[in-house]
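> Sequence plus the predicted model coming up.
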Amino acid sequence: MSNTSIRMRERAAVTGTDREQSRPSRATGPRKRRGASGLLPSGFMWILPALIISVGLIYYSIAYSGFLSFFSWGGGRQHLKPVGLDNYTEIFSDPVFWMAIRNTVIYFVVVFTVQVIGGVLFAAAMHSRVIMANVYKVIIVIPIVVAPATMAPAHIQVWQSDGTLNRILEAIGLGDLAQSWIGQSTTSLLVVILVGCWGSIGFGFILYFGAMTQIDPEMLEAGRIDGAGNFRILFSLVLPNVRSITISLAILNLITALKLFDSVWLITQGGPAHSSEFLGTMIYSETSGASRDLGYASALSIILMLIAVATSIIVQRSSRERAAARPRRGRRAVSEERNV
Amino acid sequence: MKTKKFLAVAGLAAASVLILSGCGNGGAADANVKPATSGEVNWWGWTPDTAVAKRYIAEFNKEYPDITVNYKNFENVDYRNTLVPALESGKGPDVYDLSAAGGVPDTWGPYAIDLEPLAKDTLGDDWKKKFSAGYVDQLTGSDGRIVSLPLGGMSAGFLWYNKNIFDEAGATVPTDYTSWVDACAKITAIGKTCFAMAAGGDDTFPTEMYHSIANSVDPEFFIKASTGKAKWNDPAGIEVLEIIAKMKKDGIIASNVLDGTQYPQANEAFMKGSAAMVQMGFWYTQYAEANSCAASMEAAGVANPTCFVQLPLEFPDVAGKGHGSQYFGEVDYGLAIAEDSKNIAASKTFVSWMTMSEKGQQNVANALDLLPGLQGVKPDWNAISLVDKSVQQPAIETLIADSTATTQTRQWQATEKSLHGIVVAIQRVLDPTLSESIPDIAAKLQDASEASTAGTK
């Protein structure tokens, strides 16, 4: 670790400490003794009915899906046929399911990476003094505001065989690269991912832009005094301070990838030959087809939920462990520096 | 204070329960109610087109002016995806289209009332014999209930062509594989698409191409494989997929075939006049009629359309075995009355008139959308204005005669799993970036399929 960055961290730590010292201590204020009923917020009773209904509906639906997953059922007035674990064993032996999982992982990794890099770069650029910054902000944020259903025909127009992209390629002499982007297995997933990237950068930008506003200017100023350039400040000061945003984005992207449905269905319907299939499109096909099996769809939904919960816990735990480990590493580095 | 809080919370809870219960289904009418001469009927379907439905309704209203019929048309996949949740919520249509394909009478049928008493009252005890052969059986649920009454039948296994494009290109209509390739060369030379086909997505439309080619290879193979008496990866099945691959290689099937679905992609290409041929079934006959043609061209995005002459064309002998495809067909759809409907009485009047009255069925015949369900009803050519009567009328009369004589069903004897398996197999064959062998693709189709028991008992 360079001397500059260690000094910057020391200064940051000092600044942080000063800030904490300047806060009024919670322990020193007058304390009111509270009974058991005092533990509840005063308006709790007023939100109780809505809470019961909303939370009840959510958990009822999850429990009911779990129940249905052990049956074969066409829905409505058809008979429930118990099948034990057959739905789950069928899912795990279905190559389409593994294709959907593979696509989910690829989608998550690519979209998350692009969102973080794009979001940070745009946010950093907007914090520097660029001309017409507000115009750029609007341009970056627009993709979040537009509904996927509204944009799907435009995306199809761009990516289809006689679409905009192929025409541009032909116009600039790269006609050999023109191909059926939506209509072939090797590129249909790419189209879905690029559409996802297009819509996600703006969201990353908003969060990072807001988080960067909260960074203490004194810390950045200290970095500059120590001779750090823009990139050093970005990587050594800004990014560590917006780490919580990155973790939140990781969890949100993971859940988005697991639930992904609308843009995929509208652009490729999971095809061709299931090449752009996701868990969301699998569940939808199974739920809404003429000969649907809600038991199978429920088993898929339960698997989706378990993956979402498990991976969210893993991401959060690993981020906490890193956060806990970081100050120790930092202190060790500082002490090593002093010993030198 | 505590009492007040308790009362407030209890009041809120009660209000929530009342609101939620208000979301539930109101009381449905009695299924045994007699037909009425007034009321409102909401009818949903993927077919007919809105313009045709409006004509049906206008004729119906001449006899029953106090019954308002509102028709809502959906694309095929949208209809399938919308109907069941709507019926399940109790907020669906009063009358809905119900097809025979893919076990639909057992999946959508449980939401419908049994129409046998209505049919008996209207047509007498031998009512079944008054419909075309097989139509009523195809719309009967496995529990024996008549879940819908046939409005009409359809056939497929042939193509439609745009005579104007063929004339302009100096091409002759294809009768075998070689002449199809020759025709395509001439048509593409004038900047038109030879054959509009779209096999992307989740729709089962491409199975008609597979079925037609299969009939050219072996006329019995498709039904045998559908019902488990042959395997999809038997030599005939492999030959079918090989022909599909060759058709793309030789330029009959366009390179954008997997970009979208038959509706809207292929339909629009043909109706815009940019493609010379398309594979569609009997329902496409309606676009030979001047008004329907113009409406359909406008729907495809053509402003101030000038109708072209479209004609049916027998599926070419692509396997080189001396025959193309025999026609295959079945009841296209029937009209079902939702059990949860609050307008069952008016719905009964509408369904009876449409499916069992001579006037209603004449109306269906004249729309050229379906083969009438009631036997003996034929189009009244004086009431139909074709784009080019001298050419189209004899061609359509032959088509009707051949379609009525067909003995092979279309999708009734195929499960949805098999149909989807065929779609994925076609996509694998046509995907230029996949390098799977055709026997492997056929084997995967066999694994994904499920034999149907329809018509085998």
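In hand now; what should we look at?

> contacts, neighbours, all on C-alpha from now
Noted.

> so who does whichever residue of the stretch 151-300 of chain A sits closest to chain B touch?
Residue nearest to chain B within the stretch 151-300 of chain A: residue A:183 (4.3 Å; Cα to the nearest Cα). In this structure, residue A:183 makes contact with A:160, A:271-272, B:200, B:256-260, B:431, judged by Cα atoms under 8 Å, 6 or more residues apart in numbering or on different chains.

> let's see it at 7 Å
Going by Cα atoms under 7 Å, 6 or more residues apart in numbering or on different chains, residue A:183 touches A:272, B:200, B:256, B:258-259.

> Assign it to helix, strand or coil.
Under DSSP: H, G, I helix; E, B strand; the rest coil, the three-state class of residue A:183 is coil.

> Out of the contacts of residue A:183, give me the two with the largest separation.
Greatest spacing in the contacts of residue A:183, by Cα to Cα: A:272 and B:256 (12.0 Å).

> out of these two, which sits in the busier spot?
Set residue A:272 next to residue B:256 and count neighbours by other Cα atoms under 10 Å in any protein chain shown: residue A:272 wins out with 32 against 23.

> That one and residue A:182 touch, don't they?
No: assessed by Cα atoms under 7 Å, residue A:272 is found out of contact with residue A:182, at 8.0 Å.

> helices or strands up against the helix or strand where residue B:390 lies?
Assessed by DSSP states H and E, residue B:390 sits inside helix B:389-404. For helix B:389-404, the elements it packs on are strand B:310-314, judged by 3 or more Cα pairs under 7 Å, 6 or more residues apart in numbering or on different chains; DSSP states H and E.

> Just the CA trace of the very next helix or strand once past the strand it packs on, in CSV.
Counting by DSSP H and E, the next helix or strand C-terminal to strand B:310-314 is strand B:328-337. Coordinates of each C-alpha in strand B:328-337 appear next as CSV, following Å, rounded to 0.1, in the frame of the first residue of the first chain:
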residue,chain,number,x,y,z
PHE,B,328,-56.0,-31.6,-42.1
GLY,B,329,-58.8,-30.0,-40.1
GLU,B,330,-61.2,-30.1,-37.2
VAL,B,331,-63.7,-27.9,-35.5
ASP,B,332,-61.9,-24.6,-35.3
TYR,B,333,-63.7,-23.4,-32.2
GLY,B,334,-67.0,-23.4,-30.4
LEU,B,335,-68.7,-20.8,-28.3
ALA,B,336,-68.8,-21.5,-24.6
ILE,B,337,-70.9,-19.8,-22.0
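
> So strand B:328-337, near chain A or not?
No: using Cα under 7 Å from any Cα of the partner chain, strand B:328-337 never reaches chain A; the gap is at least 14.2 Å.

> Can you pull out the residues in contact with that strand?
With Cα under 7 Å, 6+ apart, strand B:328-337 has contacts from B:94-100, B:112-113, B:135, B:147-157, B:344, B:347, B:351, B:406-410.

> Kindly calculate the angle that the helix or strand just after that strand makes with strand B:328-337.
For strand B:328-337, the succeeding helix or strand toward the C-terminus, using DSSP H and E, is helix B:344-356. Angle of helix B:344-356 versus strand B:328-337, following axes from the mean of the first three to the mean of the last three Cα atoms, to 10 degrees, is 160 degrees.
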